[in-house]
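Peer 1: Coordinates for the following, if possible.
(chains A and B)
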Amino acid sequence: MTGVRLPRLGLVGRLVAILLATMVIEFAVSTVLYERASQYLVRDDEARRLAEHLVIARRLVAEATPDRRVGMAAELTTDRYLVKWSREMPKLPADERNSDRVQDQVVRWEPTLAHNKPQIVLVMPSGVIVGALQLPDSSWLSFRTLGPIRAAKVPYQRILSTLIPVLALMLMGGLLIRQTVQPLQALTHAVERVGRKTPGDSSSVPAAGADEVRQLIEAFNSMQSRIARLIDERTRALAAVGHDLRTPLSRLRLRSDVIEDRALREEIGNDIDGMEAMINSLLAFLGGEGDPEAPRRIDLAVLSASVADDASDHGHDVSYTGPAHLDVVLRPSSFRRAVNNLVDNAVRYGERVTISLTREADEVVLTVEDDGPGIPPDAIARVCEPFVRLDTARGRDTSGFGLGLSIVAQAVAAEGGRLHLANRPEGGLSAQIALPAALQ
Amino acid sequence: MIVLVEDDAALRVLIARALLESGYEVRPCKGAPEMWQALEQQNAELVLLDIMLPGTSGIDLCRRIRQQSDVPIIFISAKGSEVDRIVGLELGADDYLAKPFSTRELIARVRAVLRRWEAGRGASTAMLGLYRFDGWVADVRRRELRSASDAIVDLTAAEFDLLVVLLDHAQRVIARERLIELSRTRLGDVSDRSIDVMISRLRRKLASADEPAPILTIRGIGYMLSTPVERE
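Peer 2: Reported below is the predicted structural model:
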């Protein structure tokens, strides 16, 4: 590329600029050439009048007796042309290598002038024509125009009249270019959606436009489907491994149940619980549990209370505050898992946990708050990413793969809601799920 | 006798051993053909069916068993999917066991299903079906409670079983001890305290803004569901 820093222009802008540049150059070059060509010419009617005047002057002066010739020349002088007679050849301005042109123009009207060794010069920049003719007796008739007789019209007008078609062409060209580039914009939107789309949203772009653009779009579409297939294969392989691991895990659990040593039995049992939790969270994250769940109307208040009851049964201080009933439409088990994960997190780091549910104007907001240490502010954005675990030191004790919050984020996004994590001013973490009220 | 259908040899042996140790007779089968043979030859009390058998779908097998017999079926699955669970239960399976399960869980489910089935043979006609009361619907097959607005109301398995016991004895007083005993047939261990806790949770879930839950405490005796129940 060039080292010149171009202003940031879109493809359409650039193409239009190229078009404009070509047209301006063409316009400038042709104008210059035309000006050049017309610079040393006079208007045809001027040339004709001059030629006629010269023919008359030639005859009258030639017919007059030599002593009367000066007077005759004076009589032939009008307010337009100055005519003089002299015996010697008058001194004319140096030839400006153009005299031929004006001379030809004049002679073309009155070809007989050619016999008089005419010397006709357009003096620039004054625009005055100066010249001389030799009379048959070798004396000279000299003349000059009194005013400038310059090449025709005012150039602005001509420039303007040339500019209008140029502008019209530009406009048309610009529109056509835009039209041509349109499919690229659709492609751009599709590329932007890659990896962000929700399942079922096909980002295949309709192939349209010029051959090159069409090929690009088709290449993109097939790349898309290759990537989708690849991801799908991996996901299914991983999910299949997850499912298959449950059978040996079942054997292990049944085998461990007959171990006499109670402490050992419990330790192995805990390990199996840990593995089971990992498989469950992996499968939940991959969506590998088979058919996607259909949304159903559920009582979110009772669900939240149930999650709190369950955590209390496991010895944690978890309470629910909010309405006794609040119906929403969502995917029951994936959403329940999301609430569960938030509560699991909260009881891991805090002592007292509250689940609260409020109905607002356009949202239903579920909040899980704990009184633990919270999350370092710089890490808040990261914790929802899969496989991120902040407590590396305690990593061994925690279940799952660091997928807990990713699963929550996924489940909430599937309902069109928002997950917001923030440290509470009084300490601890507040995890908030806001669901659109349309789900009610 | 329990017919066990499981394709994983080691797991088949382990499950069979666990059942034997709890006093059940077991006929282990590694696939559908052996299962049909077993069902023909012997009088099966229960089928424990792994849903992911090579070659056949357990769901399909479940449907075919139901066509010719009402023997209780518990299916075992490595998929934790809610969809699978509901499909299985709707096809007429009686319960569902997700891998990996413990010996205690296995025996509790087997015992509960067998007792429920024996009880059902005798008296209760509402073994599998719907209970309607006060606008609520308890769907026994899907093990789901739905509110008047048709929203699913989240109940734990134990709470649901307790509710079913109350529904079966609607408008009659049930002694606490009897309730504990009945609940125990459905799920593992229920202590005195947890019955009271479960009752209070059920009440909270069944209460609406203007009406308390229709579960009355009969002081010194037990509890009573005070509303009429329709069965389907």
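Peer 1: Only C-alpha atoms from now on, for both contacts and neighbour counts.
Peer 2: OK.
Peer 1: who touches B:Arg204 in this structure?
Peer 2: By CA atoms under 8 Å, 6 or more residues apart in numbering or on different chains, B:Arg204 lies in contact with A:Ala324, B:Ala213.
Peer 1: what's the burial count for residue 165?
Peer 2: In the absence of a named chain, this looks at chain A. 11 (other CA atoms under 10 Å in any protein chain shown).
Peer 1: let's do chain B instead
Peer 2: Neighbour tally, B:Val165, other CA under 10 Å: 17.
Peer 1: Is it in contact with B:Leu182, as I believe?
Peer 2: Yes - under the criterion of CA atoms under 8 Å, B:Val165 makes contact with B:Leu182 at 7.1 Å.
Peer 1: Tell me the residues on the stretch 301-440 of chain A that lie near chain B, please.
Peer 2: A:Val302, A:Leu303, A:Ser306, A:Ala324, A:His325, A:Asp327, A:Val328, A:Ser333 (CA under 8 Å from any CA of the partner chain).
Peer 1: hmm, 10 Å instead?
Peer 2: Listed as neighbours of chain B in the stretch 301-440 of chain A under the rule CA under 10 Å from any CA of the partner chain: A:301-307, A:309-310, A:313, A:323-329, A:332-334, A:336.
Peer 1: for the stretch 101-250 of chain A, same thing?
Peer 2: Residues of the stretch 101-250 of chain A found near chain B (CA under 10 Å from any CA) are A:Ala239, A:Ala240, A:Gly242, A:His243, A:Asp244, A:Leu245, A:Arg246, A:Thr247, A:Pro248, A:Leu249, A:Ser250.
Peer 1: So the third one is in contact with A:Ala277, correct?
Peer 2: Read it as A:Gly242. No - judged on CA atoms under 10 Å, A:Gly242 makes no contact with A:Ala277 at a distance of 11.0 Å.
Peer 1: Counting neighbours, what do you get for the closest residue to A:Thr235 other than its chain neighbours?
Peer 2: Spatial nearest neighbour of A:Thr235, chain neighbours left out: A:Leu286 (6.3 Å); criterion: CA to CA, 6 or more residues apart in numbering or on different chains. Applying other CA under 10 Å, we find 16 residues neighbouring A:Leu286.
Peer 1: Over to A:Ser222?
Peer 2: Using other CA under 10 Å, A:Ser222 has 12 other residues around it.
Peer 1: who touches it in this structure?
Peer 2: The contact partners of A:Ser222, taken as CA atoms under 10 Å, 6 or more residues apart in numbering or on different chains, are A:Ser204, A:Ala228.
Peer 1: before we move on, the earlier item: A:Gly242 and A:Ala277 - which one has more neighbours?
Peer 2: Neighbour tally, A:Gly242 and A:Ala277, criterion other CA under 10 Å: the higher count belongs to A:Gly242, 22 against 16.
Peer 1: what about that one, which helix or strand?
Peer 2: A:Gly242 is part of helix A:211-256 when elements are defined by DSSP states H and E.
Peer 1: returning to what we had before: what residues do A:Gly242 and A:Ala277 have in common as contacts?
Peer 2: Common contacts of A:Gly242 and A:Ala277 (CA under 10 Å, 6+ apart): A:Leu283.
Peer 1: distance of the closest residue to A:Arg359 other than its chain neighbours from chain B?
Peer 2: Leaving aside its chain neighbours, A:Arg359 sits nearest to A:Val365 (6.3 Å; criterion: CA to CA, 6+ apart). Distance, A:Val365 to chain B, by CA to the nearest CA, to the nearest Å: 18 Å.
Peer 1: Could you pull out the helices in chain B for me?
Peer 2: B:9-21, B:32-41, B:58-68, B:82-90, B:103-122, B:157-168, B:176-186, B:192-206 (DSSP state H).
Peer 1: okay, those in TSV with mean pLDDT next?
Peer 2: Formatted as TSV, those follow (pLDDT from 0 to 100):
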stretch	mean pLDDT
helix B:9-21	94
helix B:32-41	89
helix B:58-68	83
helix B:82-90	72
helix B:103-122	80
helix B:157-168	85
helix B:176-186	74
helix B:192-206	84
